[in-house]
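Undergrad: Got a sequence here, can you model it:
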Amino acid sequence: MIVSIAVLTIRKGHQAQAAEIIHQHVEKEKKASGVVRAYLKKAVDSEDTFLVYVEYETLKHFQAAEKASQKLKENEKVEFTLRPHL
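TA: The predicted structure follows:
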């Protein structure tokens, strides 16, 4: 199993827009092949911080998600990437 964890801090004034984009990303990931579970959580102590947690069955599934994310960025369909991994 591969676990992807991203902690995102959103600039003031952009929380609603960013929260919607992140929520759509997580919902799409949930439906992707090889995703065991995916969560989006807001920090308890900060309105500006979110946690994105995704578990993949195998390294292949994780790499496929990475490739899809890179394609979006190359095509400039997103202004940022949701793939900082720990």
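Undergrad: Residue 57 contacts residue 32, correct?
TA: No. Look at residue 57 against residue 32 with Cβ atoms under 8 Å: they stay out of range, at 10.5 Å. From N, CA and C alone the C-beta is placed, and that goes for glycine too.
Undergrad: List the buried residues for the least confident helix or strand in the chain by mean pLDDT?
TA: Lowest mean confidence among the helices and strands of the chain (mean pLDDT, DSSP states H and E): helix 59-74, at a mean of 79. By 16 or more other Cβ atoms under 10 Å, the buried positions in helix 59-74 come out as 61, 62, 65, 69.
Undergrad: Dump that helix to PDB, restricted to CA.
TA: C-alpha atoms of helix 59-74 as PDB (Å, rounded to 0.1, in the frame of the first residue of the first chain):
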ATOM      1  CA  LEU A  59       2.900   1.500  -6.600                       C
ATOM      2  CA  LYS A  60       1.500   1.200 -10.100                       C
ATOM      3  CA  HIS A  61      -1.800   2.800  -9.000                       C
ATOM      4  CA  PHE A  62       0.100   5.600  -7.300                       C
ATOM      5  CA  GLN A  63       2.200   6.200 -10.400                       C
ATOM      6  CA  ALA A  64      -0.800   6.300 -12.600                       C
ATOM      7  CA  ALA A  65      -2.300   9.000 -10.400                       C
ATOM      8  CA  GLU A  66       1.000  10.900 -10.500                       C
ATOM      9  CA  LYS A  67       1.000  10.700 -14.300                       C
ATOM     10  CA  ALA A  68      -2.600  12.000 -14.600                       C
ATOM     11  CA  SER A  69      -1.700  14.900 -12.200                       C
ATOM     12  CA  GLN A  70       1.300  15.800 -14.300                       C
ATOM     13  CA  LYS A  71      -0.700  15.800 -17.500                       C
ATOM     14  CA  LEU A  72      -3.200  18.400 -15.900                       C
ATOM     15  CA  LYS A  73      -0.300  20.600 -14.900                       C
ATOM     16  CA  GLU A  74       1.400  20.400 -18.400                       C
END
